[in-house]
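In: All I have is the shape, not the residue letters:
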């Protein structure tokens, strides 16, 4: 198990997609960060949502679908190690990647940009976990349904843009049509961004939105497990 | 001692019967061939034996164990090279071997395998950069890294050039020499003839024959031909010789068709009448002919 994790970690660092998932949100943060007012509570939650969205919708499903497509899961099932171990290791590593991306954003925003960081840690951590769980569930469902790595990649990218738009990551929600903004709040990524923004504003995330994210995480994961094929 | 015993194996997918009562046994230390065209149940059979699939009926004893119930114990003692599997593009050769070695309780030293399989200078190369032959050697090395008692090799020379195939064959013989039982799935007649001690011929989900490659060829009574050119002397009547079924002559070219060892009788008759012939050719009967005789259709036409 340890060796599997070490090798998978090495493979992840050799994956250009992983580097992009770290750099794209950072790039957006730095570009827009130069024009934020002190005490801004909007930009950093957006960047965090972009980072988690990229890992969950793009990197996770592409990696897993590729492993199935290349017969790596099938090959593993002929060894004493179960292929499920590989999926668990991958999920944990992608979680580490999402954490790294968010940590990087917080560090850069907190030091270089002098952005506001929330003083209470727990609500932020909770929101991160719920939101990441919801996005990873979507990624797992893509991995379960996509016939191969390229298709998973395509579906991930196709889903990312509407989800990012609805989540208010491309246009501030107050400039979006009312209806879309309201719907967007209840999408996995939208609920994540809104809850993070609540945390940044010093409040607690709404229990309703946390519940929405938890529901997405559970329902979609169950569907993913139901449809997942090992080969 | 039999290391694998398969009795009356059955498997259906929806309306399609893939295995319809397959039985065979594999002895310790032999290279056992599973031969047949694509889609005759070879791979399904092997996957059942490896515990990858559950059969619908019949029994499998793998080293005395049930591959489904005692899956982990079975997988400790087998090494598998699967058709159509790859590794991650960016994994290095040594990392793959090191990783797969860590899956087993008593693995072989993978550094030795690197040497044996000619991959020592590719140790730090990434999988995606290897040639077809190098990838294939890595897959075989991975199948052996767990120090298995039985190695399953599925279509191992598909896609290799003739030189690489020959090299691979020599290596497989070394695997047998080291005491590992090899189950070789193939649709190449020449490969099976070259390597296998015994062969099970598959057709439409059943085993139609099990024998040595030579035994399979000898067992058939198919017509074959000898041809020659008359150089000197007058042609004599050959039609009455034992085994001969037909003689055709076009100018100086003669084609004699027959069964069994008719060619000896023909050459003796020609010698007795001092007939000088040149360009003599006797078609060698091959496993291909054996397959046609066993199944009533040609091997190639089933692809």
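Out: In hand now; what should we look at? Remember, predicted model here, so these are calculated numbers, not experimental data.
In: give the contact list for the residue in chain A positioned nearest to chain B.
Out: Using CB to the nearest CB, the point where chain A gets nearest to chain B is residue A:71, with a distance of 3.2 Å. (Glycine included, C-beta is placed from N, CA and C.) Applying CB atoms under 8 Å, 6 or more residues apart in numbering or on different chains, we find residue A:71 in contact with A:231, B:82, B:84-86.
In: Which strand or helix spans the residue positioned nearest the centre of chain A?
Out: The centre of chain A sits closest to residue A:52, judged by CA atoms, centre = their mean, with a distance of 2.5 Å. Secondary structure assignment for residue A:52, by DSSP states H and E: helix A:43-54.
In: on contacts alone, who are the packing partners of that helix?
Out: Packed against helix A:43-54, as judged by 3 or more CB pairs under 8 Å, 6 or more residues apart in numbering or on different chains; DSSP states H and E, are the following elements: helix A:16-33, helix A:83-111, helix A:122-145, helix A:149-166, helix A:188-200.
In: could you redo the last one with a cut-off of 6 Å?
Out: Other elements packing on helix A:43-54 under the criterion 3 or more CB pairs under 6 Å, 6 or more residues apart in numbering or on different chains; DSSP states H and E are helix A:16-33, helix A:83-111, helix A:122-145, helix A:188-200.
In: Centre of the chain to that helix, how far?
Out: Helix A:43-54 has its C-alpha centroid displaced from the chain centroid by 8 Å (CA atoms, centre = their mean, to the nearest Å).
In: same check, this time on stretch B:220-237
Out: Averaged over its C-alpha atoms, stretch B:220-237 has a centre that lies 33 Å from its chain's centre (CA atoms, centre = their mean).
In: quick one: pLDDT of residue B:85?
Out: At residue B:85 the predicted local distance difference test score is 88.
In: That one and residue A:67: what is the separation?
Out: When distance is defined by CB to CB, to the nearest Å, residue B:85 is 11 Å away from residue A:67.
In: between those two, which one's more packed in?
Out: Under the neighbour definition other CB atoms under 10 Å in any protein chain shown, residue B:85 and residue A:67 were set side by side, and residue A:67 has more, 23 against 19.
In: For that one, what is the enclosing helix or strand?
Out: Under DSSP H and E, the secondary-structure element containing residue A:67 is helix A:60-69.
In: Which elements pack onto the helix or strand that that helix is followed by?
Out: For helix A:60-69, the following helix or strand on the C-terminal side (DSSP H and E) is helix A:72-76. Identification of packing neighbours for helix A:72-76 by 3+ CB pairs under 6 Å, 6+ apart yields helix A:83-111.
In: can you list the residues of chain B near chain A?
Out: By CB under 6 Å from any CB of the partner chain, the residues of chain B that approach chain A are B:50, B:72, B:75-76, B:80, B:82, B:84-86, B:88, B:90, B:95, B:99, B:102-103.
In: Give me the subset of those residues that lies in helices.
Out: In this view, these that belong to helices under DSSP state H are B:50, B:72, B:75-76, B:95, B:99.
In: Just send the residues you listed back as JSON lines, with neighbour count and pLDDT too.
Out: Conversion of these to JSON lines gives the following (neighbours: other CB atoms under 10 Å in any protein chain shown; pLDDT from 0 to 100):
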{"residue": "B:50", "neighbour count": "23", "pLDDT": "92"}
{"residue": "B:72", "neighbour count": "13", "pLDDT": "91"}
{"residue": "B:75", "neighbour count": "25", "pLDDT": "94"}
{"residue": "B:76", "neighbour count": "20", "pLDDT": "95"}
{"residue": "B:95", "neighbour count": "21", "pLDDT": "97"}
{"residue": "B:99", "neighbour count": "21", "pLDDT": "96"}
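In: which of the residues you listed lies closest to residue A:86?
Out: Proximity of these to residue A:86 (CB to CB) peaks at residue B:99, which lies at 10.5 Å.
In: can you pull the contacts of the closest one?
Out: The contact partners of residue B:99, by CB atoms under 6 Å, 6 or more residues apart in numbering or on different chains, come to A:3, A:7.
In: run the last query once more with 7 Å
Out: A:3-4, A:7 (CB atoms under 7 Å, 6 or more residues apart in numbering or on different chains).
In: ok, it to residue A:97 distance?
Out: Using CB to CB, one obtains 20 Å as the distance from residue B:99 to residue A:97.
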